[in-house]
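Engineer: Return atomic coordinates for the entry below.
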Amino acid sequence: MTDKKWERVDRAFNFFAEKLVENSLFELEELARYTQWNPATIKTYSTKRWNNFLIKDGDKYRCGKQFTSFDKNTFRQHHSQKDAIEKHFYQLLVEKSVTACVSAIEIYNKPDFKFREESFSILMINAWELLLKAKILQENNDDSKSIQIIEKGVVVKTTSGNAKTISISKAVGLLSGNGLIKSVVADNIGLLIEIRDEAIHFVHNDPALSVRVQQIGAASLRNFMTLAATWFGYDFMRFNFYLMPISFFHQSDVESFSVDSAAKENLLKYLKKVEKSYSDDVDPNFSISLILQTRLVKTSADDALEFRPTDDPSAPELQITEEDALKSYPYTYDKVCKILRSRYKNFKQNDEFYAIMRTIKERGEQFCKERRLDPKNPKSICKIFYHSRIIEEFDKYYEK
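Structural biologist: Numbers count the residues shown, from 1 in each chain. Predicted coordinates:
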């Protein structure tokens with residue numbers, strides 16, 4: 001990429017940074033004049049390279065909070081296609097971290113893998129260790145000494161002569177002490193470490209512990225993605241991240257995770273004790289463990305399982321109530337506002353908020369659904385209920 005083009009990229013970065021601070025609207029023509037790119041180029045970039053932080057507001061645009069994940073160098077990287085740009089050390093660790101995480105999920109989801117939970121916990125801990133060290137480096141201007149073990153002013157070396165780095169437990173302690181990770185995240189990582197450390201005892205034929213590991217692993221994956229996106233602006237849209245629900249396994253398939261009887265009971269008791277300490281936690285962003293459920297849902301797909309009414313008394317019964325249909329819309333307007341107030345630093349119920357809500361409502365059942373308070377009475381007043389995904393939608397507009 002030519003020096004002239006880099007100059008335009010840097011101008012675009014400065015323009016967006018200024019508009020974000022001012023929280024002001026702008027037209028694409030104004031951006032074209034400032035950067036000296038032609039309008040066609042600006043229009044292309046607005047729908048491709050900038051679409052994750054540019055927010056359309058009528059005929060104008062505003063710069064969303066997602067832009068804060070960039071500095072001048074990472075914005076150049078975002079703009080580059082074939083040109084090589086020197087990356088920070090912490091960025092390389094983030095990439096390796098995500099690679100380890102993807103590997104953990106791929107192994108977990110293999111249909112016939114006899115070392116499933118053990119391998120998942122080992123790789124997921126590796127992913128966490130790299131991510132946490134990357135954050136420490138980022139906070140210390142990419143100084144490699146910030147993650148090295150230093151004794152009496154001297155860097156401790158391994159047998160091969162390389163610098164020793166801090167343990168994952170030390171990294172968790174440093175970031176917890178600085179308020180960069182919450183205790184629920186630290187304890188979730190701690191449970192995963194405990195599971196990994198117990199791997200030497202694993203034998204077979206214990207589905208109960210498999211379920212517990214999956215619940216902790218699912219929460220760990222969600223916590224990992226949240227922090228990687230928040231800390232480094234990492235975009236996970238390229239991946240389909242999920243753990244296969246345990247209910248899809250036959251009883252005979254769930255064999256890969258167990259310990260001897262006494263050790264198993266000790267581990268289960270410890271997992272339950274830590275989970276119980278967070279029973280009252282209501283933070284929507286982080287979890288100590290998650291339960292995955294398999295449900296039958298209505299779909300119009302060609303290969304979907306069909307149901308039809310019948311007078312056959314031996315046919316299976318399926319009842320779907322309005323409450324079932326609305327379970328995905330758990331929030332009232334007041335509840336949404338309460339969550340937003342506790343979630344964001346700069347949230348206010350002002351004209352800007354009301355404008356966003358109007359835009360969201362226009363998108364229909366993707367975010368909200370109207371129902372009668374008395375479903376049996378056609379004259380009953382109606383009330384709007386909101387889907388849980390509305391909270392993530394507001395992440396585009398406000399700062400956590």
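
Engineer: Across the sheet, point out what pairs with the nearest residue to residue 145 once chain neighbours are set aside.
Structural biologist: Nearest non-adjacent residue to residue 145, counting by C-beta to C-beta, 6 or more residues apart in numbering: residue 155, 7.1 Å away. Every residue, glycine included, has its C-beta placed from N, CA and C. Assessed by DSSP bridges, residue 155 has beta-bridge partners residue 150.

Engineer: Low-confidence ranges, the chain, go.
Structural biologist: 1-4, 81-87, 111-114, 199-211, 237-272, 274-275, 277-328, 373-376 (pLDDT under 70).

Engineer: Report all helices and strands that the helix ranked longest in it contacts.
Structural biologist: Criterion DSSP state H: the longest helix present in the chain is helix 207-232. Other helices and strands packing on helix 207-232, by 3 or more C-beta pairs under 8 Å, 6 or more residues apart in numbering; DSSP states H and E, are helix 89-108, helix 116-139, helix 183-197, helix 261-276.

Engineer: got the angle for that helix vs helix 89-108?
Structural biologist: Helix 207-232 and helix 89-108 are oriented at 150 degrees to each other (axes from the mean of the first three to the mean of the last three C-alpha atoms, to 10 degrees).

Engineer: so who does residue 60 touch?
Structural biologist: 25, 26, 27 (C-beta atoms under 8 Å, 6 or more residues apart in numbering).

Engineer: Pretty sure the residue nearest to residue 145 sits against residue 147.
Structural biologist: No. Assessed by C-beta atoms under 8 Å, residue 155 is found out of contact with residue 147, at 10.9 Å.

Engineer: How many residues are close by residue 132?
Structural biologist: 28 (other C-beta atoms under 10 Å).

Engineer: thinking again about what came up before, so which of the contacts of residue 60 is surrounded by the most neighbours?
Structural biologist: residue 26 (19 neighbours).

Engineer: so who does that residue touch?
Structural biologist: Going by C-beta under 8 Å, 6+ apart, the list of residues near residue 26 reads 15, 19, 60, 61, 62.

Engineer: in the sheet, who's paired with it?
Structural biologist: Applying DSSP bridges, one finds that residue 26 bridges with residue 61.

Engineer: what's the distance between it and residue 348?
Structural biologist: With the distance defined as C-beta to C-beta, to the nearest Å, residue 26 ends up 22 Å from residue 348.

Engineer: Now for the contacts of residue 26: which two are most distant?
Structural biologist: Greatest spatial distance in the contacts of residue 26: 15 and 60, 13.9 Å, computed using C-beta to C-beta.

Engineer: out of the contacts of residue 26, which one sits closest to residue 89?
Structural biologist: Using C-beta to C-beta, the contacts of residue 26 come closest to residue 89 at residue 15, 28.9 Å.

Engineer: Tell me the spacing between the closest residue to the closest one other than its chain neighbours and residue 27.
Structural biologist: Nearest in space to residue 15, with sequence neighbours left out and distances taken as C-beta to C-beta, 6+ apart, is residue 34 at 5.0 Å. Look at residue 34 and residue 27: by C-beta to C-beta, they are 11 Å apart.

Engineer: Could you do residue 178 as well?
Structural biologist: 41 Å.

Engineer: that older thread, pipe the contacts of residue 26 into TSV and attach distance to residue 98 per row.
Structural biologist: Shown next, in TSV, are the contacts of residue 26 (distance: C-beta to C-beta, whole Å):
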residue	distance to residue 98
15	30
19	30
60	35
61	30
62	29
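
Engineer: Which of those are buried, as a ChimeraX select command?
Structural biologist: Buried residues within the contacts of residue 26, by 16 or more other C-beta atoms under 10 Å, are selected in ChimeraX with:
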select :15,19,61,62
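
Engineer: Looking at the contacts of residue 26, which is nearest residue 396?
Structural biologist: So of those, ranked by how close each gets to residue 396 (C-beta to C-beta), first place is residue 62, at 10.2 Å.

Engineer: Test my guess that that closest one contacts residue 55.
Structural biologist: Yes. Residue 62 is within contact range of residue 55, at 5.0 Å (criterion: C-beta under 8 Å).

Engineer: what touches both of these two?
Structural biologist: Joint contacts of residue 62 and residue 55 (C-beta under 8 Å, 6+ apart) do not exist.

Engineer: ok, now which ones touch residue 378?
Structural biologist: Neighbours of residue 378 in contact, by C-beta under 8 Å, 6+ apart: residue 372.

Engineer: and what of residue 346?
Structural biologist: Here residue 346 is in contact with 398, 399 (C-beta under 8 Å, 6+ apart).

Engineer: Could you do the one 10 residues further on as well?
Structural biologist: The neighbours of residue 356, taking C-beta under 8 Å, 6+ apart as the test, are 394, 397.

Engineer: how much space between it and residue 64?
Structural biologist: 11 Å.

Engineer: Residue 394 now?
Structural biologist: 11 Å.

Engineer: what's the answer for residue 215, then?
Structural biologist: Counting by C-beta to C-beta, the gap from residue 215 to residue 64 is 33 Å.

Engineer: List the buried residues of whichever strand or helix holds residue 10.
Structural biologist: Assigning secondary structure by DSSP states H and E places residue 10 in helix 3-22. Within helix 3-22, the residues that count as buried by 16+ other C-beta under 10 Å are 8, 9, 12, 13, 15, 16, 17, 19, 20.

Engineer: since we're on the residue lying closest to the last one once chain neighbours are set aside, how many residues are nearby?
Structural biologist: Computed as C-beta to C-beta, 6+ apart, the closest residue to residue 20 that is not its neighbour in sequence is residue 63, at 4.3 Å. Neighbour count of residue 63, defined by other C-beta under 10 Å: 23.
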